[in-house]
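Asks: quick one: sequence plus predicted model below, questions after.
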2 protein chains.
Amino acid sequence: MTITGEMLIGARRHRGGDGAFHAVDPATGERLDPAFGGGGAAEVERACALAWQAFDAFRESGLDQRATFLETVAWNILDIGDELIARAMAESGLPRARLEGERGRTVGQLRLFAQTVREGSWLDARIDPALPDRTPLPRADLRQRHIALGPVAVFGASNFPLAFSVAGGDTASAFAAGCPVVVKAHPAHPGTSELVGRAIQAAVAACGLPEGMFSLLFGAGTAIGTALVADPRVKAVGFTGSRRGGLALMEVAAKRPEPVPVYAEMSSINPVFLMPAALAARAEALGAGFVASLTMGAGQFCTNPGILLGVEGPDLDRFVAAAVAALGGSAAATMLTPGIHAAYDAGVARLAGAAAVETLARGTACSGPNQARAAFFATTARTFLAEAGLQEEVFGAASLLIRCPDVAAMRVVAERLEGQLTATVQMDGADAAAVGALIPTLERKAGRILANGWPTGVEVCHAMVHGGPFPATSDSRSTSVGTLAIRRFLRPVCYQDLPADLLPESLRDGNPLGLWRRVDGVPGRE
Amino acid sequence: MTITGEMLIGARRHRGGDGAFHAVDPATGERLDPAFGGGGAAEVERACALAWQAFDAFRESGLDQRATFLETVAWNILDIGDELIARAMAESGLPRARLEGERGRTVGQLRLFAQTVREGSWLDARIDPALPDRTPLPRADLRQRHIALGPVAVFGASNFPLAFSVAGGDTASAFAAGCPVVVKAHPAHPGTSELVGRAIQAAVAACGLPEGMFSLLFGAGTAIGTALVADPRVKAVGFTGSRRGGLALMEVAAKRPEPVPVYAEMSSINPVFLMPAALAARAEALGAGFVASLTMGAGQFCTNPGILLGVEGPDLDRFVAAAVAALGGSAAATMLTPGIHAAYDAGVARLAGAAAVETLARGTACSGPNQARAAFFATTARTFLAEAGLQEEVFGAASLLIRCPDVAAMRVVAERLEGQLTATVQMDGADAAAVGALIPTLERKAGRILANGWPTGVEVCHAMVHGGPFPATSDSRSTSVGTLAIRRFLRPVCYQDLPADLLPESLRDGNPLGLWRRVDGVPGRE
C-alpha cells in the first residue's frame, strides 16, 4: 500500500487542507514522507454526521456480523505485512520485535472482542416476567438489555502505535459495543495510522456495514480533537496520553450542553513495594528485574515502575547496588518523539535538582538524537511526603526509590499516593502479614495489584483491569484493556410490556440467541 | 420516638448550630416542631472522617452480615410504626395510602438489595488461571472482582420522602456495594429523615458495623451539600432533584482535585406517543388513563407524562375531550412545598402565556395553601420544534399535547427531545410497524420504553432502568432504581499472582462463597 497522507472519512479518502505535517523518525530526526493534510471543523462535521447516520444500523447489527467484522479487521491488519512494521518502526523508534509483538496483541485483542460479542453476556439481558395476579398491584413484563452509547471519539496513544491506537483497545471495545468510531490519529505515527485505518475501512466495506462507522482524522494541533469531543453526536471519548491532555478533554466534555463520559488513561507511577523478606532472599535478582522492567521500550509504558519503596538497611543496599549496576550499563534508547524526549529530560533534570533527592545511577551516554538515558534516584519517605511534586510522572525510564524507616512508613507513603494503574509487591512468605495489611490501601489506590512480577506487560483477558483511581484514569469504574472494557460504551434500556415482535432478539422468549440471561434475577440460559 | 431536630453523626446525635429551620405542613402552611439545627463545615468534616474510617472495614464485611444489616434497617423502619407515616404526611402533604405504599416499597427495596448482596453476582468475579507453559510468554494468574468506590453522599429527594430519601434507593444500593453513606436530608421532610436515620443508626449498632458508615446531616441552604460533595473522602454522589441542583453538584464534583461520579436524576418530561390505531380503538379510555397518571400525587413524579404526541384528527379530538373532562374535574392537590408550588404555578403561567400554546383545561379551583390545579395544554409540532423552552419540565400535573400532522412528524419531534427517563407508546396491532420505526429513536432518548401503560409507577426489580440520557440523568450508563443500581458504586480491581491466602474470599480457588464467576470467560459456579 502507498501511504497517501489522506484522512479516511467513511468510505472516502480525503486530503485535509488545514496545514500539513510530517512524521519524524526519532532515531534520525529526519522527516518521513508523505505530508499529511490536517483536518478541521469540516472534517469533524462530516465524520460525525456519517457516524451518526451509521449508529442505529450498526448497533443493531447481528452479533455474528459484528464479530466477523472485528475478525476481518484483524486479518486485514496482518495482510498489510511488513510494511506496517517497517513504518511503525520508522515513526516510533521502537524495535521490530516489540512492534511484531504489539501487532500480535492488537490482532489478538480484536479476536477476543469478537468472541466476547458472540458470547453476548455483555448485553446483561434481564427478564422479570409479568405477575398479573400480584397484589396489591400486578407487575408488568420488564426486560432490560444494554445498548451502545453512540459514536465514540478515540485518541491514538503515542506509545503503542498499534495496540492503543487506530485499531487498539478503545476502538475494538467500542466497535464490540456497537459504537461507530472516529479516531483522531496521533501525529507521531500518521503513516501507521493510515495503514491500519485502511484495514478497518476495507473491513467495513467487506462486511456490508455502514461506511460511517469508522473515520480517521489527522491534525497536528489540539483544535481538531477539541472539536471532535465537543461534537454533539459524539457520546463518549477514549484517550490514552498525558494528564494535561486528558484533563483538557475532560473539561471540554463536561462543558458540553450534554456532558459525555471521557475514559482518559493518563498518569501513573506504579509503586513497587520491596518487602523485607523478599529483599533478604533475592535483592540482587529484584534489582536486575526492576531495571529490565524500567528500561523496556525506553520506559515508555503507562505501567512503568516509577517509584519503589523499601526499608532502609543492608538488604535494600544490595538491591540498590544491583539496580545501579544494571542501570548503569543500560543502553540509551530512542524515545517516541522529540517532544517526549524533551519532557523526559526535563523531568529527570527536575528530580536530579530536587533537594534531598540523590541520583543513584544514569544509563550510558546517548549516541543519537532523541535518545534517553535511564535514571534512578533515591529520597527518603520524609522528603517524599513533604514534596507533592515528587509524585509527578516522568514518562520514560526514570524511577525514584523511597527509603522508608520501617514497613509502617511504606504504608503511610502508600496512603499519600495518587491513584495508580498498578501497585506491585515483591514478597516472600514471611511478608504475608505485612502485605495483607497493605492490601486495603493498594485496593483503594490502584486498578491492579501484582505480587512478585513487574507491572509492565498487560495481559488482554477477562480479568484484567487497566484502570484505576484518578489521575491514573478519569473514571475508576472502568478498564481500557480486557473484555470488561466493552462496558464503557454501553447503557441499559428497559422495555415494559413491549409486544413480543417488537422486542430486541436478545430479550425474546425462548432465548433465540442462546444468551446467558437473568430471569427474575437468576442467571441461566432460559 | 421523639423527633429532636438533631443530626446523626456516626453513633452520636448532634445539634447543628448553623441556623435553625422548621418543616412546614404544606396543607396548612404551618410550621412543624421541633426546630432542626443546620450543620456546616465541621459536621461535614466529622461525618466524612468517620465514613472514611469505616470504609475499609465495611467494604470487606461479609455478604451475609451486610445483607442482614439491610434487612435490619427495613425492620427498624417498620418498627417506627404510624409515627413515621403521620410525620411524612404532615411534612409532604401526601396522603396516607401513598406513604404507606412508599414505605412498603422502601422496605422491599432494602430487602431486594439484601438478596442481591447475598447472591453476589455484582462482584463480577473473574478468574483467568495462569498458563505457565504458554508461548511466547506465560500468562500470570489474573483475578478480578469489584469493590466499593468509597463513601457516598446521598441527597434526599423532596417527592419521595421515604423511597428516594434517607433509606431510599441510593442509600440502599450504596450500602449494598459496601459504601458508607452520608445523607444530606431534604429540608422539606427533616422529621421523617430523622426518624429513618435513627432506624439506620440503630441497625448499624445492632449489626456490629462501624459507626461511620452512616451519618445524616441537616441544612436549609446549599452550602452544606456543596461542602459534602467537595470533601475528598466522598467518592460518589447520588442525587434526585432539579436540573439546576444536579448541574450545580456535577460542577462541584468535576472541579475537585479528584473528580468523582455524580448520579443525578434531574429532569424528564416523559413523552407519550398516542399511535393512530390505539387512538381509534380507545381514545376515551386513553384520555382518562392519561389524566389519572398525570394527576397522581399532584403530578410530582419524575416520570410524570409531561408531553403527549398524536396525529391531528377526530380520534385525537376524542382523546382531548375525554382528557379535558377528566382533568377539568380533578381536585386541586397540595404540593410538597411552597417552593415547588410556586415553581409549578410559574411554569404553568409560562405555558399558558406562550404564543401558539392553547390551554385545554385546568383542574378545579384551589381551596387551601400550596394547592395546584392540573393543567393541560396543546400546541403544534411546528411550534414545539421552534420553541426549545417548551421542553422545559414543569414539575407537577401539567402536560402539553403536541398535535402532529402525521406519524412521521411524531418521529421528528421525538428526535428533537432531550434525554428522558421514559418514553411511552399507546399502540394497537396496526401501529406495530410505526412503533417499530420509532423504537430506535426512543432507545437513544430514554432509559425505559413502555407500551400501553403509563410511566408513573417504577417497579423495583432486576430489569428496571430508572435512568436515561442527559438531562434525565447525569450518567446514562446507570439506573437509580432496581438491582443494577448497585453497579454505580463499584469499581473493578485485578489481582495478579497474589498468594492464595491473600486473595479476597470471592476469588479463591474452590469458590468458597458459591458465587457465579467467570473462569476464562465462561460463567459458572466453579
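Replies: Perfect, thanks for sending it. Everything numeric in this text was worked out from a predicted model, so none of it was measured.

Asks: which residues of the stretch 1-150 of chain A fall in helices?
Replies: A:41-59, A:63-80, A:82-92, A:96-119 (DSSP state H, counting those that start in this stretch).

Asks: chain center to the last one: distance?
Replies: Between the centre of helix A:96-119 and the centre of its chain there are 14 Å (C-alpha atoms, centre = their mean, to the nearest Å).

Asks: also the shortest one?
Replies: How far helix A:82-92 lies from its chain's middle: 21 Å, per C-alpha atoms, centre = their mean.

Asks: just the buried residues of it, please?
Replies: A:L84, A:I85, A:R87, A:A88, A:M89, A:A90, A:E91, A:S92 (16 or more other C-beta atoms under 10 Å in any protein chain shown). C-beta: built from backbone N, CA, C; applies to glycine.

Asks: domain map for chain A?
Replies: Structural domains assigned to chain A are A:8-21+A:34-131+A:139-266+A:477-488, A:272-451, following automatic domain parsing.

Asks: turn those into JSON lines, including mean pLDDT and distance to B:H146.
Replies: What follows is those, written out as JSON lines (pLDDT from 0 to 100; distance: least, C-beta to C-beta, whole Å):
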{"stretch": "domain A:8-21+A:34-131+A:139-266+A:477-488", "mean pLDDT": "97", "distance to B:H146": "9"}
{"stretch": "domain A:272-451", "mean pLDDT": "97", "distance to B:H146": "11"}
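
Asks: pick the most buried one from the ones you listed.
Replies: Mean neighbour count (mean count of other C-beta atoms under 10 Å in any protein chain shown) peaks for domain A:8-21+A:34-131+A:139-266+A:477-488 among these, with a mean of 22.

Asks: how far does it stretch from start to finish?
Replies: Using C-alpha to C-alpha, to the nearest Å, the span of domain A:8-21+A:34-131+A:139-266+A:477-488 from its first residue to its last is 25 Å.

Asks: quick revisit: just put the helices of the stretch 1-150 of chain A in CSV and tack on distance to B:L123.
Replies: Listed next are these as CSV, based on distance: least, C-beta to C-beta, whole Å:
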stretch, distance to B:L123
helix A:41-59, 28
helix A:63-80, 26
helix A:82-92, 39
helix A:96-119, 19
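
Asks: can you tell which of the ones you listed is closest to chain B?
Replies: Closest approach to chain B among these (C-beta to the nearest C-beta): helix A:41-59, 4.4 Å.

Asks: residues from the stretch 151-300 of chain A in reach of chain B?
Replies: Taking C-beta under 8 Å from any C-beta of the partner chain as the test, the list of the stretch 151-300 of chain A residues beside chain B reads A:M250, A:A254, A:E258, A:P259, A:P261.

Asks: which strand or helix spans the residue lying closest to the third one once chain neighbours are set aside?
Replies: Right, A:E258. Counting by C-beta to C-beta, 6 or more residues apart in numbering or on different chains, A:E258 lies nearest to B:F470, which is 4.6 Å off, once chain neighbours are set aside. Using DSSP states H and E, B:F470 sits within no helix or strand.

Asks: out of the helices of the stretch 1-150 of chain A, flag the one nearest A:R243.
Replies: helix A:82-92 (21.4 Å; C-beta to C-beta).

Asks: can you map out the helices along chain A?
Replies: Ranges of helices in chain A, per DSSP state H, are A:41-59, A:63-80, A:82-92, A:96-119, A:169-177, A:190-206, A:223-230, A:243-255, A:276-295, A:314-328, A:338-353, A:381-386, A:407-416, A:432-445.

Asks: tabulate these (CSV), appending distance to A:Y495.
Replies: Converted to CSV, the helices of chain A look like this (distance: least, C-beta to C-beta, whole Å):
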stretch, distance to A:Y495
helix A:41-59, 15
helix A:63-80, 19
helix A:82-92, 44
helix A:96-119, 21
helix A:169-177, 19
helix A:190-206, 30
helix A:223-230, 31
helix A:243-255, 29
helix A:276-295, 49
helix A:314-328, 59
helix A:338-353, 49
helix A:381-386, 54
helix A:407-416, 46
helix A:432-445, 37
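
Asks: looking at these, which is closest to B:P338?
Replies: Comparing the helices of chain A under C-beta to C-beta, the one sitting nearest is helix A:243-255, at 33.5 Å.

Asks: can you list contacts of the closest one?
Replies: Under the criterion C-beta atoms under 8 Å, 6 or more residues apart in numbering or on different chains, residues A:155, A:222, A:225-226, A:229-230, A:237, A:239, A:259-262, A:264-267, A:393, A:471, A:474, B:250, B:254, B:259 lie in contact with helix A:243-255.

Asks: the stretch 401-526 of chain A: strands as residue ranges?
Replies: A:420-426, A:446-451, A:490-496, A:517-519, A:522-524 (DSSP state E, counting those that start in this stretch).

Asks: turn these into TSV, columns for distance to chain B.
Replies: Output for the strands of the stretch 401-526 of chain A, formatted as TSV (distance: least, C-beta to the nearest C-beta, whole Å):
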stretch	distance to chain B
strand A:420-426	8
strand A:446-451	4
strand A:490-496	4
strand A:517-519	6
strand A:522-524	6
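
Asks: make TSV out of those strands and add distance to A:A298.
Replies: TSV is the format used below for those (distance: least, C-beta to C-beta, whole Å):
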stretch	distance to A:A298
strand A:420-426	18
strand A:446-451	22
strand A:490-496	36
strand A:517-519	47
strand A:522-524	46
